[in-house]
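Chemist: I need the structure of the sequence given here:
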Amino acid sequence: MLNAAGSAEAAFEHILELAISKELFDMRGISRLQLSVALWHGGLPVDVLPAEGALHVALGEEHFAWPVEPLAL
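Modeler: Just a heads-up that it's a prediction; the model follows:
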């Protein structure tokens, strides 16, 4: 499923996969992301992943993720 802006994609069968365009975020000077996902059905939340807290994703090539972008001066 691709949204109208083409900036996010999701696929689900047995595994939920999400792809989010990094252009949606101001990533300058950020070295990690904190993510959580809420699943909704019929206008009601049915699950939140992870159940408590957030998923921490370290950024940078050494972590096989988006490179850390320098702050603009």
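
Chemist: okay, CA-based contacts and neighbour counts for the rest of this
Modeler: Noted.

Chemist: partner residues bridging residue 35?
Modeler: residue 55 (DSSP bridges).

Chemist: what's the neighbour count on it?
Modeler: Per other CA atoms under 10 Å, the neighbour tally for residue 35 reads 12.

Chemist: Could you list the low-pLDDT ranges of this protein?
Modeler: 1-6, 63-67, 72-73 (pLDDT under 70).

Chemist: Please repeat the previous calculation with a cut-off of 50.
Modeler: Within the chain, the segments meeting pLDDT under 50 span 1-4.

Chemist: Which stretches in this structure count as strands?
Modeler: 8-12, 16-20, 32-35, 37-41, 44-49, 55-58 (DSSP state E).

Chemist: Dig out what residue 49 forms beta bridges with.
Modeler: Applying DSSP bridges, one finds that residue 49 bridges with residue 37.

Chemist: actually residue 10, not the one I typed
Modeler: With DSSP bridges as the rule, residue 10 is bridged to residue 18.

Chemist: I'd say it and residue 21 touch.
Modeler: No. Using CA atoms under 8 Å, residue 10 is not in contact with residue 21, being 11.8 Å away.

Chemist: quick one on the thing from earlier: which of the strands of the chain is buried the deepest?
Modeler: Stretch with highest mean neighbour count among the strands of the chain: strand 55-58 (a mean of 14; mean count of other CA atoms under 10 Å).

Chemist: For residue 69, which of the strands of the chain is the nearest?
Modeler: strand 32-35 (11.2 Å; CA to CA).

Chemist: What helices and strands are in contact with the closest one?
Modeler: strand 55-58 (3 or more CA pairs under 8 Å, 6 or more residues apart in numbering; DSSP states H and E).

Chemist: Please list the residues outside the strand it packs on that contact it.
Modeler: Contact partners of strand 55-58, identified using CA atoms under 8 Å, 6 or more residues apart in numbering, comprise 31-36, 65.

Chemist: Tell me the one among these nearest to residue 52.
Modeler: Nearest member of these to residue 52, counting by CA to CA, is residue 36, at 9.1 Å.

Chemist: The closest one contacts residue 54, doesn't it?
Modeler: Yes. Residue 36 is in contact with residue 54 according to CA under 8 Å; the separation is 5.2 Å.
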